[in-house]
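K.L.:
Here you go, sequence then predicted model.
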Amino acid sequence: MLASALFIGCKDYLQDGSLSEGPITAEQNWSNDVYARGVLNNAYFSVEDKYNLDGNGAMQASGSDEAVNSNLNSNINIFNNGTWGPVRTVNDSYGSLYEGLRVVNLFMANAQKSGIITQPSELAATPTAYEASLQGQIDRLQGQAFFLRAYFHFELLQRYGSLVLATRVFDRNENLNLPRNSFQECVDQIALDCDSAITRLPAWTQTWSTGQRGRATQTAAQALKSRLFLYAASPQYNSTGDLTKWQKAADAAKVVMDRNLHSLLPDYRNPFLFGGNPYNNEVIFETQTPNRNDIEQNNAPVSYDGALGRTNPTQEMVDAFEMRSTGRLISDPASTYNPANPYNNRDNRLNFAIFVNGVVYKSPRTVDTFIGGKDGIGANVNATKTGYYMRKFFNDAVTWNQASNTLSRRPWVIFRYAEILLNYAEALNEAQGPVADVYRVINLVRQRTGVALPALQSTNPTGAGYVEATKAAMRLRIQNERRVELCFEGHRFFDVRRWKLGEEFFNRPVSGMRITKNAATGLFSYERFTVENRVFTAKNYLYPISQSNLNRAPALGQNPGY
Amino acid sequence: MLGWGISNTMAQQPGQTVTVSGKVVDQKNNPIAGVSIFIQEKKSGVSTANDGSFTLEANSNDLIIFQMEGFLTFSKSATEVNKATLTLVPALIEANDKDDVYIPFGVRKKRQVSATVNTVNVSELPQLPLSTLNNALTGRLAGLYIQQTGTRPGTDDATFLIRGRSSYNNGQSPLILVDGVERDFVDMDLAEIESISVLKDAASLAWYGMSGSNGVLYVRTKRGSATTTKVTFDAQGGLQTPVNLTRPLDSYSFATLYNEAQANSGIAPAYSASVLEAYRTNSDPLLYPNNNLIKDFLKEASPVQRYVGTVSGGNAFAKYFTMFSFFDQAGLYKGGNNSSYDANTNFQRINFRTNLDIHVNKTLDVSLDVAGRSSSIRYPRDGNGGFLTALYGTPSNAFPITNADGSYGGSSLFRSNPKAMLESRGNVTDLTRTLLANVSVKQKLNFILEGLSLNAFYSYDVTSLYASGFTQNYEVYEFNAANNSYTRFGNKAILDYAASDFNGNVRRNEFWGGLDYDRTFGEHSINASSRVMRGVVATPGSLLDRREQISNRISYGFKQRYFIDAIGTYAASETFMPGKRAGFFPAVSAGWIASEESFLKNVSFLDYLKVRASYGLVGNDAISTSRRFMFNTYYNRGGTGYLFGTGYAAASNTTEAELANPNLTWESTRKTDIGVDLKFFKQSLSLSADYFHENRRNLLTNALIPNIIGQTSGQVNGGEAEYKGYEASLNYNKKFGQVDVNFYGNFTHVKSNIIQLNQEAGLPSYQLETGFPISGVVQGANFNRRYLESMGLFQSQAEIDAAPIQRFSGTVKPGDIRYRDINGDGVIDNFDFVQKDFTNVPTSYYGFGTSIKFKGFDLAVLFQGTQGRTIQIASLVNDGTTNTGFVNQFSIDRWTPETAATAKYPRLALADRGNNTQVSDYWVRSGDYLRLKHTELGYSLNAGFVKRMKVQSIRFYVSGFNLFTFDKLDGLPIDPEIPESGYINSYPYLRSYSLGLNVKF
């Protein structure tokens, strides 16, 4: 028929898909320098910013004994209320981390053949001939990919205890119902990828040109190794108490220290404030750094322009801060702690990290957390549940709910030098007992200029900062130091687990401070109270594999107890 | 007007007076006597003599019309009639003048059609001032289910379903064709439509290849008539009033309940006794406000109006129909005042159309249709949803609307002030302009082959959206009594005009061209059509979207008693991989008028019996792939870039698109239909019934690749589903003296069944979806299929201690919902959810009604209802936020130790609410209802009186829409069709009344 003739006559009427509105084909992508690099850049998005885990400002701190979330209906409470399980997950990140792994693996598989050209401007100082060469360039890109692959694997490892290593691009048609690799295989692979990264990357942040800072570095990979080996040596994964593992962890931390590149900033608050201290020497690796006010808006006391007061430090967290003059814990009778004036003479970091009643914020206003105060318990539905608000990461100049808001650059800091020092002190104490280097290093952290606590010492039992010269006593002080120094940074949630102390710290109520103001005298009285009960059982040392993942890949096997 | 211009030109050919003569015969060439022959518009005429001959004087422009009882009316231009022998065709049952059925690019008499096509003529529909047309069709046609989904002015939307669902994926709405092309229909005016048909089976749908699977709604617009010139004018005014409005809690009740919610969550009360007392006595409205936002900001009624004028007519050379209409629907908001703009929601629409048919010469016919509409929807800047959320979701004690100092009230938790939203926030007007045009040409090719014609059809539709309005912003102030100061929230912005570019500019073209062959050889008739179709959709920023197909159809009839049709369409879609993108879609159907066989001829009460059957294959390429050209691997460039460096510059960013699926293919649907049409008692009672079955394969289903692949994979063709059921419709017409009675009814029963879909391997058997009907119950934005089985509320701690542990909240207390331990493991968690056959698509739906005429009066009533439908009330009862403490008007019926025996809903709680917010059958209610959908009472004025005013007729009428509803909700003040209307963020359910005037000249 005529119709059919017409039809066949114009065969190309329908499009074949080689051209689309914006997307490009794989071939086009990998033959273009900028696009290929764009894939690697995209992988960095899988490095999680942990200021907001529930979409409503909850931090992982509220899933541990550090804090309570003021939104009592937040998912973060699944960690605490005994309902955590394979069909009720929180902060799972399983899919998003494997997405990051796929991107990295795609890049590794294709970058070499792609048309990447040298861009010597990526390096700050006068680059060496190798650095300026095409191979040097490709190494730098591959090095970042190796680091990210190690980091994503580690994020999975600390959650699930073991995982299916993704060291290549998986295909949709292959059998992906794979069993998990053992913990040790995972550790080895992560360490191997760190080593591969170290041989390829610039030394540290400052070695990148100013326009490229924020990319992976040798010290970032070394810091990851330090944390990895610390976890691997810890009781959760080192059931035999193998001391060589601790020594390996100490050595890994020492590598970073011996580079002599990173250091502690004098002011405890400054590492997090990139507005004034971009890519500062204390920070080793961090997420991207948006200009933001969400940290304040989510966590500031509720009377401040409708802030949400989300992260409410617990009394247990506040109690961990030592007395400033005696360098002793408040439970120590010699500490000079006065329950009627509990916030006086405390570790400076208390005021840096936590809003307690009466402190000045946005002068002349004060944070009033006493009952009936504008920020007090019950002031509104978002008001503190414990009598405290979190202050860490705050930039006091930041405003919100204004016609024109002041924002400030803040990343989520992943590795900073203080952690490395504490990793070293802990690992060395476990491996060798409280040797001199343990005191030296932990005191570096305690005696940072703005903190200036008395040094720990074992020579004068009545003096400030005394600690018994035993591994066990030192371990407790190191654990407490870690709890205080790294508070709200997402460490304690996992630290308590790797120490195998979950039942001790997480399976008990958390408390707050009910502060009453005497209307006549204006004086405050303090009463501790239980905010909520917390549930932790043996299975909670690891995250559950979500039922949906397990249903798709039964060979994964569930973690014990779930 | 365009129509006038052209028709005048055509008519202006020299009009000589001619003498027309000829002879009228029947099909057996016997002369017919007494045929009335007249010229259009002139009532006087002649009749044929005994030998069938006639003579009359006419103008050469005239159209001569031949009418005879029992024969089909026939017309021809005067110049073509002269000295001709004219054959009148006898009118058989279902082959009369009014029995035309429009099938794709063709017209048949009803008896010839063996496919399942149901038609409603718009003259049978009530004149309702509704902004969307589909609601006028509710309950009218068997196999057409219409669910109203919204009530806002201009968006009182409804979803269509033809028969049922045989795919569990999205995109299951039928194809809507207006005059043969895919076009929007809801925004048309009723006055421009002639008829609406539903095409349901393979024999009618295979023509559309890959777009016909979900059925077709075929709208045919009005055309001019060569026999009469008509001028009509309609004016309608009406009122719409809300039904089932939220009745807000007063401040005292709210605060008391809030305190209770806090107490239940172990939190000290927020409101002291003295504050409660102040709310109760309303002693200080500024410090202790007690607002009724519903009363303050919603009207009791809002007006609608509609005006339509039409002119139609024609002569031997040209026929025209032209229409103009204006519709205005006001919104319910009140309480704001801004001289620069109005933020009340509103809808206005102008429709116009001219359809022109030109008989150029004996062999060439051309039609040109041009239509357009301009509709504008206005709403507050925060959207209807935003404004209504503020109305329904702000507790009555949240803030005074206006503070003592005149500023807007507000608070840290509630920053939306409804008054400010109406007068200081600006508005938005979405103006949609649409131009529709199509031209069709038919050239007879009798010189090649008798009965052959060449046909071409081309459409050019453009639509665009222009959003404009005003922007402005406001501050709210919270008064702090302690220090006598105000705290500000929000930021003021001055009034400004806001406009967007024209966007949503979409152009659609379709071309259909090919050959038709229509011929009768004695008792054999053959109709064949073949068309090539090419379609383009051009959207800004996208490559053209193209499709093409060849549709072929051949119909054979014998003795006007046996009919057989074969359809075959070869269609291709760009959605699929080259080489795998084209398919062939064949269908066959047959019809048999059994009543004309000798063995039934003598059954006196039975006038007509037709048996039909069809079977065929139809495709659906409108599968919801998440990206275009899914068969190809792609990378996307751009998007948000990661920030590197001290300048925090966004780095180049490239992402791999969803995994490609080169094997993607269309859904293929096998449709079976068996039906009968019956007429009894001198054709006063007619009945049609169909059994149907549809099976659909290659449904998209989840790929279920383990997540370690690290990339979403899109869906794969692996599913299968079916539906089957029956439908019946009945019509009874009888005249009792001066009373004309018509009664009609239709009933459809359909059940769907999922045969195959990919499910996670580890699911317990009671969570598998196979064997269950498609669709579930909509709750808010979610779609629920699995439910916990509830066992009432826990009444005591002892009962809780003895029961299995419920793992949805940290603690379970008396007053919480108790669930059944399905898998018997002593723990109630997600493994205890059970697949249920609750569905928001009814298993049966029906409509029935009557129209009665007596002297000048006429009355029409239509009832419509559903059976086997389920709704959820969890989103209503649990509505709220942490800020409102989840206290709402339903909280009155919550569980407390005192009301334990009568409580309808679980206890209140501020926190740890997981247990009582699970999807469970506790919240399931019957969605069945029977509704008096509309009624209309009219009176036409005495003909003699109006004739003196040079008017043909005047009719006054009153009508009502959504008047009464019978449901099974046990007094729950919600609408069973749209449970959330009037709650959460939805516009209230509306009842409409109107008064109208229709004048015909």
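P.N.:
It's in.
K.L.:
could I get stretch B:254-273 in CSV with only the CA atoms?
P.N.:
The C-alpha trace of stretch B:254-273 is given here as CSV (Å, rounded to 0.1, in the frame of the first residue of the first chain):
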residue,chain,number,x,y,z
PHE,B,254,-7.3,22.4,72.6
ALA,B,255,-5.2,23.3,75.6
THR,B,256,-6.9,20.7,77.8
LEU,B,257,-6.2,18.0,75.2
TYR,B,258,-2.7,19.2,74.7
ASN,B,259,-2.0,18.9,78.4
GLU,B,260,-3.4,15.4,78.3
ALA,B,261,-1.1,14.5,75.4
GLN,B,262,1.9,15.9,77.4
ALA,B,263,0.9,14.0,80.5
ASN,B,264,0.6,10.8,78.5
SER,B,265,4.2,11.4,77.3
GLY,B,266,5.4,12.1,80.8
ILE,B,267,5.8,15.8,80.3
ALA,B,268,4.6,18.4,82.8
PRO,B,269,1.5,20.3,81.6
ALA,B,270,2.1,23.3,79.3
TYR,B,271,-1.1,25.1,80.3
SER,B,272,-1.7,25.9,84.0
ALA,B,273,-5.2,26.0,85.5
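K.L.:
For that stretch, which residues meet the burial criterion?
P.N.:
For stretch B:254-273, burial by neighbour count (16 or more other C-beta atoms under 10 Å in any protein chain shown) applies to B:254-262, B:264-265, B:267, B:269-271. Just so you know, the C-beta spots here come from the backbone N, C-alpha and C atoms, and that holds for glycine as well.
K.L.:
Same check on stretch B:894-901?
P.N.:
B:Arg894, B:Trp895.
K.L.:
Likewise for stretch A:217-233?
P.N.:
A:217-233.
K.L.:
quick one: contacts for B:Tyr608?
P.N.:
B:Ile93, B:Glu94, B:Ile593, B:Ser595, B:Asp677, B:Leu678, B:Lys679, B:Gln683, B:Ser686 (C-beta atoms under 8 Å, 6 or more residues apart in numbering or on different chains).
K.L.:
same thing but 6 Å
P.N.:
Neighbouring residues of B:Tyr608 by C-beta atoms under 6 Å, 6 or more residues apart in numbering or on different chains: B:Ile93, B:Ser595, B:Lys679.
K.L.:
Right, and chain B sits closest to which residue of the stretch 101-250 of chain A?
P.N.:
A:Arg102 (2.9 Å; C-beta to the nearest C-beta).
K.L.:
any idea how far that residue is from A:Ser46?
P.N.:
9 Å (C-beta to C-beta, to the nearest Å).
K.L.:
before we move on, what about B:Ser775?
P.N.:
36 Å.
K.L.:
try B:Gln889
P.N.:
Distance from B:Gln889 to A:Ser46, counting by C-beta to C-beta: 45 Å.
K.L.:
How about B:Gly335?
P.N.:
Distance, B:Gly335 to A:Ser46, by C-beta to C-beta: 49 Å.
K.L.:
Same check on A:Arg346?
P.N.:
39 Å.
K.L.:
ditto for A:Pro202
P.N.:
Taken as C-beta to C-beta, the span from A:Pro202 to A:Ser46 is 21 Å.
K.L.:
quick one, strands of chain A?
P.N.:
For chain A, the strands defined by DSSP state E occupy A:24-25, A:67-69, A:283-286, A:291-292, A:311-313, A:354-355, A:389-390, A:408-409, A:413-416, A:510-517, A:524-532.
K.L.:
by contact count, what packs against the second one?
P.N.:
When you say that, I think you mean strand A:67-69. strand A:311-313 (3 or more C-beta pairs under 6 Å, 6 or more residues apart in numbering or on different chains; DSSP states H and E).
K.L.:
show me the contacts for residue 367.
P.N.:
Going with chain A. By C-beta under 6 Å, 6+ apart, the residues touching A:Val367 are A:Pro301, A:Phe355, A:Val359, A:Tyr361, A:Asp375.
K.L.:
think we crossed wires, I meant chain B
P.N.:
Neighbours of B:Ser367 in contact, by C-beta under 6 Å, 6+ apart: B:Asp357, B:Ser440.
K.L.:
Quick check: it is in a strand.
P.N.:
Yes - counting by DSSP: H, G, I helix; E, B strand; the rest coil, B:Ser367 is part of a strand.
K.L.:
Show me what it is bridged to.
P.N.:
Applying DSSP bridges to B:Ser367 gives these bridge partners: B:Asp357, B:Ser440.
K.L.:
and what of the one 5 residues further on?
P.N.:
Beta bridges link B:Gly372 to B:Phe352, B:Leu435 when assigned by DSSP bridges.
K.L.:
Tell me the confidence at it?
P.N.:
With respect to pLDDT, B:Gly372 has a value of 94.
K.L.:
do the same with B:Gln472
P.N.:
pLDDT, read off for B:Gln472, is 93.
K.L.:
ok, it to A:Glu419 distance?
P.N.:
For B:Gln472 relative to A:Glu419 (C-beta to C-beta), the value is 50 Å.
K.L.:
neighbour-wise, which of these two wins?
P.N.:
When neighbours are counted by other C-beta atoms under 10 Å in any protein chain shown, A:Glu419 comes out ahead of the other of B:Gln472 and A:Glu419, with 25 against 22.
K.L.:
on that earlier part again, name the residue in B:Gly335 and A:Ser46 with the higher neighbour count.
P.N.:
Using other C-beta under 10 Å as the criterion, B:Gly335 and A:Ser46 rank with A:Ser46 on top: 21 against 18.
K.L.:
I figured that one was touching A:Leu101, is that so?
P.N.:
No - proximity of A:Ser46 to A:Leu101 does not meet the contact threshold set by C-beta atoms under 6 Å, at 7.9 Å.
K.L.:
what about the closest residue to A:Ala455 other than its chain neighbours, how many neighbours?
P.N.:
The shortest distance from A:Ala455 to any non-neighbouring residue, by C-beta to C-beta, 6 or more residues apart in numbering or on different chains, is to A:Asn443 (4.3 Å). Neighbourhood size, A:Asn443 [other C-beta under 10 Å]: 20.
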